[in-house]
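>>> A predicted structure for the sequence below; I have some questions about it.
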Amino acid sequence: MTALVGCQRDRRQDGSDTNENSMEKFIKHKGLAVPYYVQNVDTDQIIPKQFLLRIGRAGFGEALFYDQRFLNDGTPNPEFVLNYPKFKGASILLAGKNFGCGSSREHAPWALEDFGFRVVIASAFADIFYNNCFKIGMLSVILDEEIIAKLVKKSETIEGYELDVDLESLTISDEHGFSSNFAVEDFRRQCLLNGLDDIGLTLQNEAKISEFEKIRNCWQVSV
């Protein structure tokens, strides 16, 4: 497998992911936007099935869009947008309608996050993919198709085009006069703002869980 330069996740010396067991807070993010404006991109295109045997979340970024990023000999495909030098280090993906459809594999958002993406913007997402993004701290933003088309055009024509995404104010903007509101369910928003995944939410009740563990033996009935 050929690894594409541009994967931004921090690694330990043994190659494992330093953030695998925690979820980073998402409050504001400013990053380079890359256009992948293709409709109905399914999860098998995002992370092909042959790469699903890896244990843990780390490392899937190497195989992100593998069949498109790489040629048959394993070298980077110079015609694929993520391989363009001007989009190296992009952290915001401008995607087409119905992004993340197909298989429900959670490896798809894992691969995007591991590659370095913090935000994915589309006019519509597959429901399971959308939900899985929030579970790992990656923000999925839904905007009107007309707005996304304009952002795609800007990203293609303006060198180093960046977007500012503010989850506190629920706004997205650039330095060229664009600004728009977006909506996120408040529970998901609060989880991202506080860096709480499912385990983090559970640990908020750690004291109650510990208290329950102390007394639960008295409920057991001897036979």
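Right, received. Where do you want to start? No experiment lies behind these values; they were computed from the predicted model shown.
>>> where along the chain do the strands fall?
Taking DSSP state E, the strands of the chain run over residues 28-36, 92-95, 119-122, 139-142, 162-166, 171-173, 179-181.
>>> what's the closest of those to residue 113?
Closest to residue 113 of those, according to C-beta to C-beta: strand 119-122, at 9.7 Å. Where you see a C-beta, it was placed from the backbone N, CA and C, and this is true even at glycine.
>>> roughly how far apart are residue 26 and residue 192?
Between residue 26 and residue 192 the computed distance is 4 Å (C-beta to C-beta, to the nearest Å).
>>> go on, residue 38?
Distance, residue 38 to residue 192, using C-beta to C-beta: 26 Å.
>>> Look at the two and report which has more neighbours.
Using other C-beta atoms under 10 Å as the criterion, residue 38 and residue 192 rank with residue 192 on top: 22 against 13.
>>> Need the pLDDT of that one.
Residue 192 is assigned a pLDDT of 94 by the prediction.
>>> what does the one 10 residues further on give?
You'll see residue 202 listed with a pLDDT of 58.
>>> shared neighbours of residue 26 and residue 192, which are they?
Here residue 26 and residue 192 share the contacting residues 137, 139, 167, scored by C-beta atoms under 8 Å, 6 or more residues apart in numbering.
>>> Out of those, which comes closest to residue 160?
residue 139 (21.2 Å).
>>> before we move on, the earlier item: looking at the strands of the chain, which is nearest to residue 108?
Per C-beta to C-beta, nearest to residue 108 of those: strand 119-122, 10.3 Å.
>>> mean confidence for the lengthiest helix in the chain?
The helix that spans the most residues within the chain, counting by DSSP state H, is helix 145-157. The pLDDT scores in helix 145-157 average 97.
>>> For that helix, output the C-alpha coordinates as PDB.
Extracted C-alpha coordinates of helix 145-157, given in PDB (Å, rounded to 0.1, in the frame of the first residue of the first chain):
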ATOM      1  CA  GLU A 145     -26.600  22.600  -3.200                       C
ATOM      2  CA  GLU A 146     -26.300  26.100  -4.800                       C
ATOM      3  CA  ILE A 147     -24.000  27.300  -2.000                       C
ATOM      4  CA  ILE A 148     -21.800  24.200  -2.200                       C
ATOM      5  CA  ALA A 149     -21.400  24.700  -6.000                       C
ATOM      6  CA  LYS A 150     -20.200  28.200  -5.300                       C
ATOM      7  CA  LEU A 151     -17.700  27.000  -2.700                       C
ATOM      8  CA  VAL A 152     -16.400  24.400  -5.000                       C
ATOM      9  CA  LYS A 153     -15.800  27.000  -7.700                       C
ATOM     10  CA  LYS A 154     -13.900  29.200  -5.200                       C
ATOM     11  CA  SER A 155     -11.800  26.300  -4.000                       C
ATOM     12  CA  GLU A 156     -10.900  25.500  -7.600                       C
ATOM     13  CA  THR A 157     -10.000  29.000  -8.600                       C
END
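>>> let's have the chain start at 14 instead
All right, first residue 14 from here; so that's helix 158-170.
>>> what comes up buried for stretch 134-142?
Residues 134, 135, 136, 137, 138, 139, 141, 142 are the ones in stretch 134-142 that count as buried (16 or more other C-beta atoms under 10 Å).
>>> Could you do stretch 156-167 as well?
Neighbour-count burial for stretch 156-167 [16+ other C-beta under 10 Å]: 156, 161, 162, 164, 165, 167.
>>> quick one: that stretch to chain centroid distance?
Distance of stretch 156-167 from its chain centroid, counting by C-alpha atoms, centre = their mean, to the nearest Å, is 19 Å.
>>> Appreciated, that's everything.
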